[in-house]
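[1] what shape does this take:
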Amino acid sequence: MEEQTIKLLDECSKGCKMGTDSIEQVKDYVTDEDLWNVIEKYDGKYKELDDEIAGLLNEEGRPEQEPGKMASVFSWITTEMKLMIKDDSQQIAKLMMDGCNMGIQSISEAVNDNPEASRESKAAAKRLVKELENFMKDLKPFL
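    Just a heads-up that it's a prediction; the model follows:
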């Protein structure tokens, strides 16, 4: 149970960090105030969840892990290239939605792969998936 709990929490922590890193990356390109407000709202939610997940990891005696360097670099380069081609609100919303979709998939897969994880870790993962789904819904008007 402990090992599965740690695996699930690690995946959630990485997901939160990738989300906040992506948000920080696109902020310089956001010119629409409404989009800015949506992005800021979810940046705060991801940070709150990441703090909660860090606490759960700490209870398991595990420090937080950073996302893999290669994944982070690849994500950064891909985002920068897409924003160089087109940096409007629609493109930013698409990029954020793509990230949400990847997060939903990876967190949901981690929940399914770790059925013996603690109730608290599963609850945190489900809240993260819900926030990702809500972020996607709130981004749709910008497409």
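[2] what ranges in the chain fall below the confidence cut-off?
    For the chain, applying pLDDT under 70 flags the ranges 1, 64-87.
[3] give me the nearest residue to the residue minimising distance to the centre of the chain, chain neighbours excluded.
    Central residue of the chain (CA atoms, centre = their mean): residue 19, 3.3 Å from the mean position. Nearest non-adjacent residue to residue 19, counting by CB to CB, 6 or more residues apart in numbering: residue 46, 4.5 Å away. Quick note: C-beta positions are derived from backbone N, CA and C, even for glycine.
[4] so the residue nearest to the centre of the chain touches residue 99, yeah?
    Yes: with contact defined as CB atoms under 8 Å, residue 19 reaches residue 99; the gap is 6.5 Å.
[5] which residues touch the residue nearest to the centre of the chain?
    Going by CB atoms under 8 Å, 6 or more residues apart in numbering, residue 19 touches 42-43, 46, 99-100, 103, 132.
[6] buried subset of those residues?
    With neighbours counted using 16 or more other CB atoms under 10 Å, the contacts of residue 19 contain these buried positions: 42-43, 46, 99-100, 103, 132.
[7] helices - which of those residues land there?
    Among the buried ones among the contacts of residue 19, the members found in helices (DSSP state H) are 42-43, 46, 99-100, 103, 132.
[8] identify the farthest-apart pair in those.
    43 and 103 (13.8 Å; CB to CB).
[9] all helices of the protein, in order?
    Under DSSP H, the chain gives helices at 2-27, 33-59, 69-85, 89-113, 119-139.
[10] tell me the angle the last one makes with helix 89-113.
    Relative orientation of helix 119-139 versus helix 89-113 (axes from the mean of the first three to the mean of the last three CA atoms, to 10 degrees): 160 degrees.
[11] give the other helices and strands that helix 119-139 contacts.
    The helices and strands touching helix 119-139, judged by 3 or more CB pairs under 8 Å, 6 or more residues apart in numbering; DSSP states H and E, are helix 2-27, helix 33-59, helix 89-113.
[12] in stretch 27-40, what counts as buried?
    Result for stretch 27-40 [16+ other CB under 10 Å]: buried residues 29-30, 35, 38-39.
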